[in-house]
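**Student:** next input, structure requested:
(chains A, B, C and D)
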Protein chains: 4
Amino acid sequence: MILYVLKDKSDYSTLVEKLNENSASFKVLNLYGKNLILAWPDQNTKGIIDSSIEIAVEAKKSYVLASNDWKKQPTVVTVKDVEIGSKKVIVAAGPCAVESEEQVLTTAKAVKRAGASLLRGGAYKPRTSPYSFQGLGEEGVKILKRVGDEVGLPIVTEIMDTRDSAIFTQYVDMIQIGARNAQNFSLLKEVGKLGKPVLLKRGMGNTVEEWLQAAEYILLEGNGNTVLCERGIRTFEKSTRFTLDIGGMVAAKLMTHLPICADPSHPAGKRELVHSLALAAVAAGADMLLVEVHPRPEKALSDSEQQLTPESFEVLMDRIRALARALGRDA
Amino acid sequence: MILYVLKDKSDYSTLVEKLNENSASFKVLNLYGKNLILAWPDQNTKGIIDSSIEIAVEAKKSYVLASNDWKKQPTVVTVKDVEIGSKKVIVAAGPCAVESEEQVLTTAKAVKRAGASLLRGGAYKPRTSPYSFQGLGEEGVKILKRVGDEVGLPIVTEIMDTRDSAIFTQYVDMIQIGARNAQNFSLLKEVGKLGKPVLLKRGMGNTVEEWLQAAEYILLEGNGNTVLCERGIRTFEKSTRFTLDIGGMVAAKLMTHLPICADPSHPAGKRELVHSLALAAVAAGADMLLVEVHPRPEKALSDSEQQLTPESFEVLMDRIRALARALGRDA
Amino acid sequence: MILYVLKDKSDYSTLVEKLNENSASFKVLNLYGKNLILAWPDQNTKGIIDSSIEIAVEAKKSYVLASNDWKKQPTVVTVKDVEIGSKKVIVAAGPCAVESEEQVLTTAKAVKRAGASLLRGGAYKPRTSPYSFQGLGEEGVKILKRVGDEVGLPIVTEIMDTRDSAIFTQYVDMIQIGARNAQNFSLLKEVGKLGKPVLLKRGMGNTVEEWLQAAEYILLEGNGNTVLCERGIRTFEKSTRFTLDIGGMVAAKLMTHLPICADPSHPAGKRELVHSLALAAVAAGADMLLVEVHPRPEKALSDSEQQLTPESFEVLMDRIRALARALGRDA
Amino acid sequence: MILYVLKDKSDYSTLVEKLNENSASFKVLNLYGKNLILAWPDQNTKGIIDSSIEIAVEAKKSYVLASNDWKKQPTVVTVKDVEIGSKKVIVAAGPCAVESEEQVLTTAKAVKRAGASLLRGGAYKPRTSPYSFQGLGEEGVKILKRVGDEVGLPIVTEIMDTRDSAIFTQYVDMIQIGARNAQNFSLLKEVGKLGKPVLLKRGMGNTVEEWLQAAEYILLEGNGNTVLCERGIRTFEKSTRFTLDIGGMVAAKLMTHLPICADPSHPAGKRELVHSLALAAVAAGADMLLVEVHPRPEKALSDSEQQLTPESFEVLMDRIRALARALGRDA
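**Tutor:** From the prediction side, this is the model:
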């Protein structure tokens, strides 16, 4: 496979003709303001040159669009007015699950005051047990939206079913793909088509390469507004809920132009560990953090052990800011 | 939570009344010909007795219905005339992906002749890379159906999207949930509602307990025709594609009444290893095997390294039969 | 590096001369009755031919001597009159730890009667906690030896310290390297020098390739009487104590000429799982099993959960024999 | 088991008498200037009180001495004049392997100039392959010692064999136990007896709890000068050599009073990742770093991919200092 990055405003009809003549298959895309053509197989694209081509990149990896082989400068994903992947370390915070408007509003005000830029909260909840609280669904999404509007924070929440597209298109600013759907390829394609910014979690059993390939599914639908989120992998170690793979996150940063987020809450499993994991992720270069905050964690309907209180979150934000500045960033 | 197994043909309206009086929540189900009531929370069900109750089982695990705490005898899942979980070790065989009617027909005849009881083949293919062959989709399902009918083998194939329910209901005898959708809870619920026999793969990053909880999602919709399929987990070892967790499979057998299948092809990754893994699984107590067979593996559009030739499959079936008999089973 | 397998009784002095002339480094060994010369680096051995050379094998792997690139026929390791790697599946059985002469004697008689060929038992015990029973040490070795002699079973027991060589040389028939010392290279070299048959366990965090490299340390000292023992690896799954890597064992069999043993007791962790794991290992091609048996498991000073009673072991031996025969082997 | 922390300068002979009267077993230790008595079993120590006892701590864990149940304040380990576990983040740097005096001297001067406090270097090298460079052994230790003296840096190097105790006692300031010997209990006991400061690496297949139990072996010999070193665990992820378990490191800090070190070089495997992992470890609370630096990494006899150049190390030290200050520490 070869990736042609086309010159701006160039007419690529001759190139398309040549591909057709050579019986090559191809797909035309527009990503980050650039026209792109993916063409294959190699024997049918060999020797093709055209004045519309800015650069031709041989696709050595199975994640061509997500790789930085063709796009050297880091991508900045914009969610309303929030820029992810720029100098400022962006923090999304909020409860694990949307439980009530009052709960979300209290949290939203507190995290905004402390410096969060996005409001997170689960409405459709992927729960290991069918007997656990399954979330408020559509009603939860609407609560998030109302609170986000009131407080002035864009919202990020998880989609679980392709049949829910319309709801997410209407109400949600950034759509999360959870770890358990990290290789739900139907959902990845669907979210790619919706065009909204995506927060793509890494599956707990997925390699970094598979994570980038999952992103490729989204980009291949023409949606380049994708942020990768490391949230811990499955290992033999049981003193933490999951093993936050800082090394994998750093390795990913060297392979892709997409911004990287870290979720310190799920791997911690216990709130005592959240601060240290959050700071480690920022020190390692994370562009964004996703932190669970609940006004009364001990009463939370899910993940009560790992959610921070608003007070603890405020302290964390101070520490993140100090750290970010020491690294030449901002928060 | 408590599980009431009700006496056959008993009137449980008084029990329902008592639960309502105590403000308990409950769900009425029919599984394996038994009426069941799941009721919670514990403080609201304490002390309730009723003549309709055969046994009351305290639900200590998050997979009550899938556990053998209440149903001691193993479940036999019937797919058309094929019994899974009985004395005979059942083998489902066929190509990784449906590529053409000719390919499926050749394979189906060969595996039937060798002793397979079910025809497997992928129509909707979950592929790690978006650039890999994505399967023939609906057309592939129809090919499988036609071939299955012609050859006289029930078919098993994978569903990937809740929006495809109608196709699977119409054409498919046993619906497979793949490893990558093992915690796609929307899909699990949907498949539970369809009522058809389900082959539920374990996710590559999932524990045995999570696998049983995934089955619980299906059973809770009233569908008890579920077979669990071990297909290898993610570990550090790289001489095999995945690590077939024979121990986890055996542990699961001690925890559940559901039949257990093993897929030796995916963990092997290389066809030289498939026979040994298949035999090991049968020796460890597997009720069913899922084996990839392709008429010309080297030309396969997916997983070409691990598919057996029809000749090799025939040898394997002979070995499985010898082994099964030595264990007091049949194949 | 290149491996020269020399013709029987040939004079290789000219070859040595040529190597010296080319400033190549080399090591002369005798393994399995063959004279071998390992020579390196490649640029200094290029073009060397000599009439003493039977075959010259380019060493592509870091486990040249352990690989079957040069030795195609499987190695049979002989411990007194017991042949490991031949048609018969060999079973070594006995208590986790030597606790008293009476305990060992009772067990030894029972396992011999049931068909075991070797007596196992721990004298020097590698315990995760310093507060656990550390074994009887030298006294334990002597008890094993006396009982082995009385009952007529060769003994296998674990060495933990290079300083204990003399004791093992004097009393022990087969020296075990435990999982926790699987990469204790000083100990591997020392055991290689002792010349006694070795049972080399795979480390719980080691790949198959590292396991073979550990064996290479022993073979490189001229000791080819090495049996590899799979005993479970560390994975995220917790329903078993370790994950018995049947696939890794099968992969190893394709890479090496050395016999392979499986230990079903440690990965099981619970005695209910031991039979199934043992049978799976035999079905997958294990040449030997290492099984923990204790006259009163519930009173055992270590691993009480996973040791079989003599009665259960007898049943297991019957099942192993039936299985082995179905596979064209013996037990 | 119970741990009696005794009052300073108190006479504990009456307590010993009482333990003897009750037929309790016990061990007397002196750690961190405190007299301690470990006594067991619980039924024989019940009700014992004595005026010499400052506090009695019920040992709920298998790492009593290493836990912070009895010693709340963090331990500071002193290597010559270097304090590990105090405000300053200590960096030990040097080549993977000692290759020559010139190589070590060049490196030592450079790392000292950049701010390192300890000189590291491998003399006895645990190599996965017997054909890899095995280190200079005793000669390597002497080179390290001479260079350390000349440059004014205490040295840390790895012991592999109990028979080498005398050499380490004579020449080495801090003795390292490597990952592959992390459960070599004979070596742990021996190093405990030597009394010198110990740097104890976590085994690549060991849990945090097992790591603390390994430390307990050392402390139980009366040697409290132990620093724990996280160096990456074995997981399925292959974009890094090992997975640096930052979460496990943080969890350990909550469980023990011992200082914690992180080795960013081995998990990285590639030098591009080392800075980010080092910074992440410091942000997460590491008291010490162990960094591989080589004057000409591309010519190194081992681990050439992951060693930093002196120039890159200097940049890293600047970044560490900035980070440490932002966290209220020093470096």
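**Student:** the helices in the stretch 151-300 of chain A, which residues?
**Tutor:** A:165-171, A:185-194, A:208-219, A:246-255, A:265-268, A:271-283 (DSSP state H, counting those that start in this stretch).
**Student:** switch those over to TSV; also include mean pLDDT, distance to A:Ala66 and mean neighbour count.
**Tutor:** To be clear about C-beta, it is placed using only N, CA and C from the backbone, and glycine gets the same treatment. Compiled in TSV, those are given as follows (pLDDT from 0 to 100; distance: least, Cβ to Cβ, whole Å; neighbours: other Cβ atoms under 10 Å in any protein chain shown):
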stretch	mean pLDDT	distance to A:Ala66	mean neighbour count
helix A:165-171	98	22	15
helix A:185-194	98	12	22
helix A:208-219	98	5	26
helix A:246-255	98	8	25
helix A:265-268	97	23	26
helix A:271-283	98	20	26
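**Student:** now the ones you listed in JSON lines, please, with extra columns for distance to D:Lys201.
**Tutor:** Formatted as JSON lines, those follow (distance: least, Cβ to Cβ, whole Å):
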{"stretch": "helix A:165-171", "distance to D:Lys201": "47"}
{"stretch": "helix A:185-194", "distance to D:Lys201": "40"}
{"stretch": "helix A:208-219", "distance to D:Lys201": "25"}
{"stretch": "helix A:246-255", "distance to D:Lys201": "17"}
{"stretch": "helix A:265-268", "distance to D:Lys201": "22"}
{"stretch": "helix A:271-283", "distance to D:Lys201": "20"}
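**Student:** contact partners for the most centrally placed residue in chain A?
**Tutor:** In chain A, the C-alpha closest to the average C-alpha coordinate belongs to A:Leu199, at a distance of 2.2 Å (Cα atoms, centre = their mean). A:Leu199 is in contact with A:92, A:156, A:174-177, A:227, A:229, A:261, A:290, counting by Cβ atoms under 8 Å, 6 or more residues apart in numbering or on different chains.
**Student:** return the subset of the residues you listed lying in strands.
**Tutor:** A:92, A:156, A:174-177, A:227, A:229, A:261, A:290 (DSSP state E).
**Student:** of all the helices of the stretch 151-300 of chain A, which one comes closest to B:Leu220?
**Tutor:** helix A:185-194 (22.2 Å; Cβ to Cβ).
**Student:** sorry, back to before: report the two of the contacts of A:Leu199 separated the most.
**Tutor:** A:Ala92 and A:Ile177 (14.5 Å).
**Student:** now the residue in chain A positioned nearest to chain B. Nearest residue, chain neighbours left out?
**Tutor:** With Cβ to the nearest Cβ as the measure, A:Gly205 is the residue of chain A nearest to chain B, at 2.1 Å. Leaving aside its chain neighbours, A:Gly205 sits nearest to B:Gly205 (2.1 Å; criterion: Cβ to Cβ, 6 or more residues apart in numbering or on different chains).
**Student:** how many neighbouring residues does that neighbour have?
**Tutor:** 23 (other Cβ atoms under 10 Å in any protein chain shown).
**Student:** who's in contact with it?
**Tutor:** Counting by Cβ under 8 Å, 6+ apart, B:Gly205 touches A:203-206, A:233-234, B:233-234, C:236.
**Student:** A:Glu158: what's its closest spatial neighbour, skipping adjacent residues?
**Tutor:** Sequence neighbours aside, A:Gln176 is the residue nearest to A:Glu158 in space, at 4.1 Å (criterion: Cβ to Cβ, 6+ apart).
**Student:** for chain A, what's the longest helix?
**Tutor:** Of all segments of type helix in chain A, defined using DSSP state H, the longest is helix A:310-326.
**Student:** may I have the beta-bridge partners of the residue nearest to the centre of chain A?
**Tutor:** A:Gln176, A:Val227 (DSSP bridges).
**Student:** now it: how far from C:Val147?
**Tutor:** 64 Å (Cβ to Cβ, to the nearest Å).
**Student:** now do A:Val91
**Tutor:** Distance from A:Val91 to C:Val147, counting by Cβ to Cβ: 67 Å.
**Student:** again with A:Gly222
**Tutor:** Using Cβ to Cβ, we find A:Gly222 at a distance of 75 Å from C:Val147.
**Student:** neighbour count for those two, which is higher?
**Tutor:** C:Val147 (24 against 16).
**Student:** hang on, that one in a helix?
**Tutor:** Yes. Inclusion of C:Val147 in a helix is indicated when DSSP: H, G, I helix; E, B strand; the rest coil is applied.
**Student:** let me see the contact set for it.
**Tutor:** Applying Cβ under 8 Å, 6+ apart, the residues near C:Val147 are C:101, C:104-105, C:108, C:119, C:155.
**Student:** using TSV, lay out these together with pLDDT and distance to chain A.
**Tutor:** Below are these laid out as TSV (pLDDT from 0 to 100; distance: Cβ to the nearest Cβ, whole Å):
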residue	pLDDT	distance to chain A
C:Glu101	97	38
C:Val104	98	33
C:Leu105	98	38
C:Ala108	98	35
C:Leu119	98	32
C:Ile155	98	33
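**Student:** inside strands: which ones of these?
**Tutor:** C:119, C:155.
**Student:** between the contacts of C:Val147, which is nearest C:Leu15?
**Tutor:** Set against C:Leu15, the nearest of these by Cβ to Cβ is C:Ile155 (41.3 Å).
**Student:** that closest one touches C:Met174, doesn't it?
**Tutor:** Yes. In this structure C:Ile155 lies within contact range of C:Met174 using Cβ atoms under 8 Å: 7.2 Å.
**Student:** ok, and the closest non-adjacent residue to A:Leu194?
**Tutor:** A:Thr169 (5.6 Å).
**Student:** what's the answer for A:Ala251, then?
**Tutor:** In space, A:Ala251 is closest to D:Ser239, 3.9 Å off (Cβ to Cβ, 6+ apart).
**Student:** returning to that earlier point: quick one, which of the helices of the stretch 151-300 of chain A is nearest to A:Lys7?
**Tutor:** That would be helix A:208-219 among those, by Cβ to Cβ, at 20.6 Å.
**Student:** what sits up against the closest one?
**Tutor:** For helix A:208-219, contacts defined as Cβ under 8 Å, 6+ apart pick out A:31, A:61-67, A:177, A:182-183, A:185, A:188-189, A:191-192, A:198, A:200, A:202-203, A:206, A:226, A:228, A:245, A:248, A:251-252, A:255-256, A:258, B:128-131, D:237, D:239.
**Student:** just stretch A:53-60 next, same as before
**Tutor:** A:1-7, A:10, A:15, A:38, A:64, A:69-70.
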